[in-house]
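Chemist: take this sequence and fold it.
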Amino acid sequence: MISFIVPAHNEEHLLGRTLVAIHDAAAGIGQPYEVIVVDDASVDLTSVVAAQHAARIERVEYRQISRTRNAGARIASGDPLIFVDADTVISSRVLRGTLEALQRGAVAGGAMITVDGWIPLYGRVLLKITCVVMRAADLIAGCYFFCTRTAFDAAGGFDESVYAAEELVLSRRLVRIGRIAILDAPVVTSGRKLRLHSGWELVRLLGALARRGSAAVRTRDDLALWYGKRRNDGDRDG
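Modeler: Residues are numbered from 1 along each chain as shown. The predicted structure follows:
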């Protein structure tokens, strides 16, 4: 069985399309699967949308993405584990590539990233750089992260001492266990952070990381990009 794990906080506007895409991608594979939405302290209709799209719902009150991802893994019945962010759309091509990579011996992996809608120039440049670095350094983007159950457990899951970059920490642990596969087939994730936050805000975040190192991701204090009040992106996002 394939286990899709979708962490979500106040994602009523985008979660539906994510779950439809998961069901559509899995429909042609011919393998049993489950979809688990881990609703982390949502105050909107996230759980209602999840129920409408035949997902199993796990409610938590963490407001910490690493713990939320791990909560889904703990109750998942399947192998492999596929983590899909609530604002990310996958395709049958991505899913087939995932299963083929695992069959060829990869222990984990991810996909290239594209974003929906318009994004500013700095965002387009950042996205290109990110994709190049990911492939060169065997780093897996959190919006689509797949892993065998054995490798996930051996690596200790997502690091619950951090509030961001948990996928990068786990990537570095997994690369010591086996081969990482970064698929050519892309997933489409929301560009809302790039639309709604300026390049200057990103510079300030990078400055905090440079000054404080890993300590900057061990608290929410400098991580408003992820944990601050979500800005309105029109009808596309909540």
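Chemist: just give the closest residue to R149, not the sequence neighbours.
Modeler: Counting by C-beta to C-beta, 6 or more residues apart in numbering, R149 lies nearest to D79, which is 4.0 Å off, once chain neighbours are set aside. Glycine gets a C-beta too; all of them are placed from N, C-alpha and C.
Chemist: strands of the chain, start to end?
Modeler: Along the chain, counting by DSSP state E, strands occupy 2-8, 33-40, 56-60, 81-84, 88-89, 108-115, 144-147, 180-189.
Chemist: can I get those strands in CSV including mean pLDDT and mean neighbour count?
Modeler: Output for those, formatted as CSV (pLDDT from 0 to 100; neighbours: other C-beta atoms under 10 Å):
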stretch, mean pLDDT, mean neighbour count
strand 2-8, 98, 26
strand 33-40, 98, 23
strand 56-60, 98, 17
strand 81-84, 98, 25
strand 88-89, 97, 24
strand 108-115, 95, 22
strand 144-147, 98, 27
strand 180-189, 95, 20
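Chemist: quick one: F4 from I29, how far?
Modeler: According to C-beta to C-beta, to the nearest Å, F4 stands 12 Å off from I29.
Chemist: same check, this time on S47
Modeler: Counting by C-beta to C-beta, the gap from S47 to I29 is 26 Å.
Chemist: before we move on, back to that, need the strands of the chain in JSON lines with distance to L15, can you?
Modeler: Listed next are those as JSON lines, based on distance: least, C-beta to C-beta, whole Å:
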{"stretch": "strand 2-8", "distance to L15": "6"}
{"stretch": "strand 33-40", "distance to L15": "7"}
{"stretch": "strand 56-60", "distance to L15": "11"}
{"stretch": "strand 81-84", "distance to L15": "10"}
{"stretch": "strand 88-89", "distance to L15": "10"}
{"stretch": "strand 108-115", "distance to L15": "17"}
{"stretch": "strand 144-147", "distance to L15": "15"}
{"stretch": "strand 180-189", "distance to L15": "13"}
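Chemist: so which of these comes closest to K229?
Modeler: Evaluated over the strands of the chain, closeness to K229 peaks at strand 33-40, with 15.5 Å, by C-beta to C-beta.
Chemist: that closest one pairs with which strands, parallel or anti?
Modeler: Under the criterion DSSP bridges, strand 33-40 sits next to strand 2-8 (parallel), strand 56-60 (parallel) in its sheet.
Chemist: work out the gap between that strand and the centre of the chain.
Modeler: A distance of 13 Å separates the centroid of the chain from that of strand 33-40, by C-alpha atoms, centre = their mean, to the nearest Å.
Chemist: hang on, the earlier thing: and S47 and I29? Which one has more around it.
Modeler: Neighbours per residue (other C-beta atoms under 10 Å) separate S47 from I29, with S47 holding more: 18 against 14.
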